[in-house]
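Peer 1: sequence? don't have it. structure:
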Ligand SMILES: [Zn+2]
Ligand SMILES: [Zn+2]
């Protein structure tokens, strides 16, 4: 584990503080406030109108939408760590839209920039601008105009990705709110479906994704990526469906696993492996054991 002093030390104090230096996206902030309010209402609703069916729907929707971000947006579309059938890609894009984290194309553009410029000013969610900036502040602000572009032309060639990029907002409304409300309406709890599987699920999933950018770049062990702030954090892996092994991921971003050991909690790698057994995914990339061991000894388990 890192020491508190290490965690609080900025990587490069010459970086500008981005807070207040780019325009604020007030509409996004208003939606965040509304969603958090409705999530609190959802938490109250599930306690005061408890229903196993609604709770199960909420958990199921959390997994569907969350895995579409981790195994889909992240490991498939951003990193091409495996190939997936059109049916799987379409499901990732539909439930990924319901996670309200932008289109897959825009998400991958930000994420590839994060990997290419980790901890540098062009890193959209660099912790050098502060923990809160990396967690949520960057989403509330317009990207600075001089931010370099990164290539996503491989994704632009995918007609499913292009379609989702153009229609991700109506898809988000449909898969993130209308369908869960309609399903829960079957047992007379449409409001619970909207609040619990819609907004409570959305807000919890947001913060689990954001924790990878903030907590997993601040707390934990720099087991592999010695030169970067990324760290391995088992508890972030627990809430983010396996994404917390972030030091390994930054060092070996093309590997379809983030939790590389068999005992690491990484439901996203288990999903991808299962899809490959079913013939729905193929060409899963694994880094050789000797490369992993060499990277570990280089990093020296630096905390
Ligand atoms: Zn990272
Ligand atoms: Zn990544």
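Peer 2: Okay, I see it. Computed from a predicted model, the values in this text were never measured in an experiment. Ligands and ions are numbered 1, 2, ... in the order given.

Peer 1: what distance separates stretch 76-84 from the middle of the whole chain?
Peer 2: Centre-to-centre, stretch 76-84 and its host chain are 14 Å apart (Cα atoms, centre = their mean, to the nearest Å).

Peer 1: measure stretch 95-107 end to end?
Peer 2: With Cα to Cα, to the nearest Å as the measure, stretch 95-107 spans 14 Å from end to end.

Peer 1: neighbouring contacts of that stretch?
Peer 2: 31, 35, 61, 64-69, 72-73, 77-78, 92-93, 110, 152, 155-156, 161-162, 164-165, 168-169, 171-172, 174-176, 202, 205-206, 209 (Cβ atoms under 8 Å, 6 or more residues apart in numbering). Using the backbone N, CA and C atoms, a C-beta is placed for each residue, glycine as well.

Peer 1: buried ones in that stretch?
Peer 2: 95, 96, 97, 98, 99, 100, 101, 102, 103, 104, 105, 107 (16 or more other Cβ atoms under 10 Å).

Peer 1: Over to stretch 113-122?
Peer 2: 113, 114, 115, 117, 118, 119, 121, 122.

Peer 1: any chance of the buried residues of stretch 95-107 in TSV, plus distance to residue 187 and secondary structure?
Peer 2: Converted to TSV, the buried residues of stretch 95-107 look like this (distance: Cβ to Cβ, whole Å; DSSP: H, G, I helix; E, B strand; the rest coil):
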residue	distance to residue 187	secondary structure
95	22	helix
96	27	helix
97	26	helix
98	21	coil
99	25	coil
100	26	coil
101	29	coil
102	33	coil
103	33	coil
104	32	helix
105	37	helix
107	34	helix
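
Peer 1: sorry, back to before: give me the subset of the contacts of stretch 95-107 that lies in helices.
Peer 2: 31, 35, 61, 64-67, 92-93, 110, 155-156, 161-162, 164-165, 168-169, 171-172, 202, 205-206, 209 (DSSP state H).

Peer 1: Buried among those? Need that as a selection in ChimeraX.
Peer 2: Buried members of the ones in helices among the contacts of stretch 95-107, defined by 16+ other Cβ under 10 Å, are picked up in ChimeraX with:
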select :35,61,64,65,66,67,92,93,110,155,161,164,165,168,171,172,202,205,206,209
